Each structure stands twice: as C-alpha cells, then as structure tokens.
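Q: Sequence first, then the predicted structure, then my questions.
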Amino acid sequence: MVKRKLLFLLCLIAAFSFTSCAFPAGSSSPEEYMLGEELCVTMSSGFKASEDMPGADVYLSKGDECALYAVRDTAETLGGYGYDPDGIDLAAYFDLVCAANGISPEPSDGSQEPYAVFRRTAGETEYWYYVTVRECPGAFWTVYLISPVREGEERAPQTLFDYGSSIRVI
C-alpha cells in the first residue's frame, strides 16, 4: 500500500506539473458522481472521468480546477502489502494512509470520517490535498481531493472540505 500511495503522489505531481489551476469565480450546479459501485460524491458539475491515471481506481478532474483520485483496497490487496486484513479497521487503515503520505490527521471529535489536509509542491506549483477514507463491505477506499494553492491562500479551499464531507457509502 505504501508503494501504491507513493506512486499516486508521483503521478499527481506529473499530472499537475503541466497545469496552473484556480477555482472559478462562480460555481456550477452540484452533481453526484459514482466512485466505483460503493461510493458517491457530490461536486460541482463538469468533472470528467479518466482511466489514464496509474494506480487510481477512480480519477475525476475538472480542467485545471480540481481532481479526485480514489484507490480501493480489498483484504486481498492489503494482504499483498503484508498487512493482516482482519486486524485493520477504518482508524488503522487511515493511520496507514497517513504514514504512507507522511502526514498527520486532523483532530476529530468522532462525528465525521477521518481526514487530513496538507500542501505539497509539484514542479513549480503548490497543491492542497484533502485525504479521507471510507469503509465498505470488503474494501477500504482512500479518496484524495486536490486543488492548486492560490496566491495568499493560507487554508485549503472550503470546496475541498465540502466535497470530502459529501462522500458517502452506497
């Protein structure tokens, strides 16, 4: 899993290093997008799916504005990485994701799914990353929402939090 997460970050760096992104002044109407057959997320309309992102089970992007990268890990894939899938719950899985990315989770009061927000530079562009996990029957999902840091922006855009909190298990 660590190798897969590191591959993901390298792919995102390559994908976003060719673009300079900004959120548009106006937002479009909300739309529900399916993430595989187990999850859905509500985001603004206009996101397009792509199967060209290595390591992603689902990849959605909206031009240079924002991207969603999702990875599905089953008991089989976790076992293949050397983990005991019977000993991993959502909290333990999120700890593995945080360790793989070298990040710290946000404090939680237990009323929401675990998440973390961090910044990384790819090429000459800096990006916000919002990462969260969900547990479905037989699998865990890691979902990354990515957008560029705008000049003077000290916090991740509220849009990432809104999109992240809209992810739900079907």
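A: Done, it's in.
Q: where does the chain have low pLDDT?
A: 1-27 (pLDDT under 70).
Q: Work out for me the element the residue nearest the centre of the chain sits within.
A: The chain has residue 144 as the residue nearest its centroid, 0.7 Å off, counting by C-alpha atoms, centre = their mean. Using DSSP states H and E, residue 144 falls within strand 139-148.
Q: moving C-terminal of that strand, what's the next helix or strand?
A: helix 158-165.
Q: can you pull the buried residues of that following helix?
A: Buried residues in helix 158-165, defined by neighbour count with 16 or more other C-beta atoms under 10 Å: 159, 160, 161, 162, 163, 164. Quick note: C-beta positions are derived from backbone N, CA and C, even for glycine.
Q: and if you look at stretch 83-97?
A: Neighbour counts over stretch 83-97 (16+ other C-beta under 10 Å) mark 83, 85, 88, 93, 94, 96, 97 as buried.
Q: quick one: contacts for the fourth one?
A: Put plainly, it is residue 93. Counting by C-beta atoms under 8 Å, 6 or more residues apart in numbering, residue 93 makes contact with 73, 133, 135, 140.
Q: Can you list the strands that the helix or strand harbouring the second one pairs with?
A: Of the helices and strands defined by DSSP H and E, residue 133 is found in strand 125-136. Paired strands of strand 125-136, with direction, are strand 115-122 (antiparallel), strand 139-148 (antiparallel) (DSSP bridges).
Q: which parts of the first one are buried?
A: Neighbour-count burial for strand 115-122, counted by 16+ other C-beta under 10 Å, picks out 115, 116, 117, 118, 120, 122.
Q: Surely the second one is in contact with residue 102?
A: By that I understand residue 116. No - in this structure, residue 116 is not within contact of residue 102 by C-beta atoms under 8 Å, at 10.5 Å.
Q: What segments of the chain are strands?
A: With DSSP state E as the criterion, the chain has strands at 30-35, 39-44, 48-49, 58-62, 66-74, 115-122, 125-136, 139-148, 168-169.
Q: measure residue 142 to residue 151 for me?
A: Here residue 142 is placed at a distance of 29 Å from residue 151 (C-beta to C-beta, to the nearest Å).
Q: same question, residue 118
A: For residue 118, the distance to residue 151 - C-beta to C-beta - is 19 Å.
Q: With adjacent residues omitted, what lies nearest to residue 72?
A: Distances taken as C-beta to C-beta, 6 or more residues apart in numbering put residue 57 closest to residue 72, at 4.4 Å, once the chain neighbours are dropped.
Q: No more questions from me, cheers.
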